[in-house]
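> The sequence isn't on hand, but the structure is:
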């Protein structure tokens, strides 16, 4: 939870500055590229998180890798993250920044858990219905959870709609024993 709070603050600050300077899309692209590089090269993440290596050395490494490609604001931001020893939060900061961008664009993220993999047509239909109901573009993340037995659980924002058989059975059991 602490990591989300710290990352949210850093991402929020970067978002505000990027918006003020009309650099949102460029900074978003920079962070997306950084996230891709970190995912493809775990060694880089280990170097950045190594407390034995000074923040100046880490910053020089990032400048070598991204200096010609990233916005100055992104590079300055990474310098602050390294200076404050928050490099361990970098991946969460990237995710938090993307959530800020989604909110800015009116995109709502939701999670759907089902007992079995949903066919593509069902995914599209569900996405369209949620978009119609919310009046926003919806990005759905689908997960298979065999413990549900059947049905689905939808989490959108802070609301959870539980239409799973497992939950219905638990409720029925509670009613019968209560």
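It's in. This one's a predicted model, so the numbers in the text were calculated from it and none came from an experiment.
> From here on, just use CA atoms for contacts and neighbour counts.
Noted.
> Roughly how far does the closest residue in space to residue 30 that isn't next to it in sequence sit from residue 106?
Closest residue to residue 30 apart from its sequence neighbours, by CA to CA, 6 or more residues apart in numbering: residue 70 at 5.7 Å. Per CA to CA, to the nearest Å, residue 70 is found 26 Å from residue 106.
> Looking at the two, which is more packed in?
residue 70 (18 against 13; other CA atoms under 10 Å).
> and that one, that's in a strand?
No: counting by DSSP: H, G, I helix; E, B strand; the rest coil, residue 70 falls outside a strand, being coil.
> Could you pull up phi and psi at it?
phi -90, psi 150 (degrees, to the nearest 10).
> Tell me who's in contact with it.
26, 27, 30 (CA atoms under 8 Å, 6 or more residues apart in numbering).
> Please identify the member of the residues you listed with the greatest number of neighbours.
Neighbour-wise, the contacts of residue 70 (other CA under 10 Å) top out at residue 27, 22 neighbours.
> I'd say it and residue 17 touch.
No: judged on CA atoms under 8 Å, residue 27 makes no contact with residue 17 at a distance of 10.1 Å.
> Give me the subset of the contacts of residue 70 that lies in helices.
If you go by DSSP state H, the contacts of residue 70 have 26, 27, 30 in helices.
> so what does the helix or strand containing residue 17 touch, helix or strand wise?
In this assignment (DSSP states H and E), residue 17 forms part of helix 2-20. On a contact count with 3 or more CA pairs under 8 Å, 6 or more residues apart in numbering; DSSP states H and E, helix 2-20 meets helix 24-40, helix 90-105.
> how about CSV for those helices, with mean pLDDT and distance to residue 49 added?
Listed next are the helices and strands packed on helix 2-20 as CSV, based on pLDDT from 0 to 100; distance: least, CA to CA, whole Å:
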stretch, mean pLDDT, distance to residue 49
helix 24-40, 95, 12
helix 90-105, 92, 9
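> and the helix holding residue 17, which residues are buried?
If you call a residue buried by 16 or more other CA atoms under 10 Å, then helix 2-20 has these buried ones: 6, 7, 8, 10, 11, 12, 14, 15, 18.
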